[in-house]
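>>> 3D model of this:
(one chain, ligands or ions: 1)
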Amino acid sequence: MKSSITQGVKLLATGSAVPNLCISNQVISNIVNTSDEWIFSRTGIKERRILSNNNSLIDIASIASLKALEKTNLNAIDIDLIILATSTPNDLFGSASQLQAKLGANNAVAFDITAACSGFIIAMVTAAQFIQNGNYSNVLVVGADVLSKWTDWSDRRTCILFGDGAGAAILQSSSLISNNILGFHLNTNGQKFNQLNIHYELDKHQENVFMSSMQGKFNVITMNGKEVYKFAVSKVPQSIQHCLDSLNLSVDQIDWLLLHQANARILNAVASRLMIPKKKVISNLEKYGNTSAASIPLALDEAIQDYKINHGDLIVLSGFGAGLTWGTIILKWQV
Ligand code: UT7
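Prediction:
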């Protein structure tokens, strides 16, 4: 879908934050019947960070945001729009307003986007629309999730995968010539929503018949791992190819492949389908596991910090997950 584009979108800076508590595969193997060998060989994950004590999603989201802001000449008050991609809000009415308050970004309108592991991609594309049509100049996009709160810690098929984290990006309106978001492609297949979800269920134990017919609570994460795996390795390469074709770019012109960090085998399979060499695949899965909406901005921020990504590099960002939803952005990094 095309719209009237008057402005370019510049990625000014990124930031990220993870909780201090580090849980190794060894620790998980004391909770469920699994092993470091099984987890690492099937997923590439060694450890993950878990939010504990009184810390909240907003604490890590605000640290990531401040780290990104510090790298720009902007103050929180200069931000026009905050989009928080999360599926694990503090408040079902949305958490972005809490982030706005914590940052003191009093001029910003703030709202949440719920799109699980594709959340950051969809939030970036949404932010880009507001900038490209000239409505907002400075936008903070945050991907943050604390899936540990919704994990069934007795289910070895899922509890080995997830970790908590946050990543942030500051986007700014620019001339069309210095535009960094070159193109995108988004998809949803709601027919398969039940392959990965957190159901809302009526409370069967509620004694009051009237209440039990209308009130309940959210369950824990359930996932058909094999189906989600097959979906990812078939749809993500198609999405990337579609996006590259629309920009007349070839796979060889891509410097980095940065996928949602779900499973090392998925990363390798997608790269191999597209014939992208392994050395171009960015991965920090080993340290953090699957951090849902945080995984792409967290890996992007680390790769920029490590000077892996250089001025002028083209990066494919691709997210996929619950919904089922998937999407790609082609990004040009310019210092
Ligand atoms: O962010 C959203 C996107 N999510 C994903 O992309 C997840 C995609 N799926 C996956 O990454 C993989 O399907 C998993 C890592 C979740 C599972 O790997 P798998 O190779 O598909 O394993 P499986 O489910 O086929 O299970 C193979 C065997 C089974 O035993 P049997 O039936 O063959 O005897 C499982 O019971 O491994 C067993 N198993 C485990 N064994 C030790 C499953 N989980 C574990 C475990 N430790 N943690």
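>>> which helix or strand lies directly C-terminal to the helix or strand hosting Ala128?
Ala128 is part of helix 119-132 when elements are defined by DSSP states H and E. Using DSSP H and E, the helix or strand that follows helix 119-132 towards the C-terminus is strand 138-146.
>>> tell me the residues of the stretch 101-250 of the chain that contact the ligand?
117, 156-157, 160, 196, 225-226, 228-229, 232 (Cβ under 6 Å from any ligand atom). Backbone N, C-alpha and C define where each C-beta goes, glycine included.
>>> how about low-confidence regions in the protein?
Within the chain, the stretches with pLDDT under 70 are 1-3, 211.
>>> show me the longest helix that occurs in it.
helix 225-246 (DSSP state H).
>>> report the buried residues of that one.
Buried positions in helix 225-246, judged by neighbour count with 16 or more other Cβ atoms under 10 Å: 225, 228-229, 231-233, 235-237, 239-240, 243-244.
>>> residue boundaries of the helices in the stretch 1-150 of the chain?
Assigned by DSSP state H, counting those that start in this stretch, the helices in the stretch 1-150 of the chain fall at 25-28, 36-43, 57-70, 96-103, 119-132.
>>> redo those as a markdown table? Include mean neighbour count.
Below are the helices of the stretch 1-150 of the chain laid out as a markdown table (neighbours: other Cβ atoms under 10 Å):
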| stretch | mean neighbour count |
| --- | --- |
| helix 25-28 | 17 |
| helix 36-43 | 16 |
| helix 57-70 | 23 |
| helix 96-103 | 21 |
| helix 119-132 | 24 |
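>>> quick one: the strands in the stretch 201-335 of the chain?
Listed in chain order, the strands of the stretch 201-335 of the chain (DSSP state E, counting those that start in this stretch) span 216-218, 222-223, 256-259, 314-321, 325-332.
>>> please compute how far stretch 4-17 lies from its chain's middle.
16 Å (Cα atoms, centre = their mean, to the nearest Å).
>>> with just CA atoms, put it into CSV.
Coordinates of each C-alpha in stretch 4-17 appear next as CSV, following Å, rounded to 0.1, in the frame of the first residue of the first chain:
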residue,chain,number,x,y,z
SER,A,4,2.0,10.3,0.3
ILE,A,5,5.5,10.4,1.7
THR,A,6,6.9,13.8,2.3
GLN,A,7,9.7,13.0,4.8
GLY,A,8,12.5,10.5,5.2
VAL,A,9,13.0,8.5,8.4
LYS,A,10,16.4,8.6,10.0
LEU,A,11,17.4,6.1,12.7
LEU,A,12,19.3,8.3,15.1
ALA,A,13,20.3,5.9,17.9
THR,A,14,19.5,2.6,19.7
GLY,A,15,19.6,1.5,23.3
SER,A,16,18.9,-1.7,25.2
ALA,A,17,18.5,-3.1,28.7
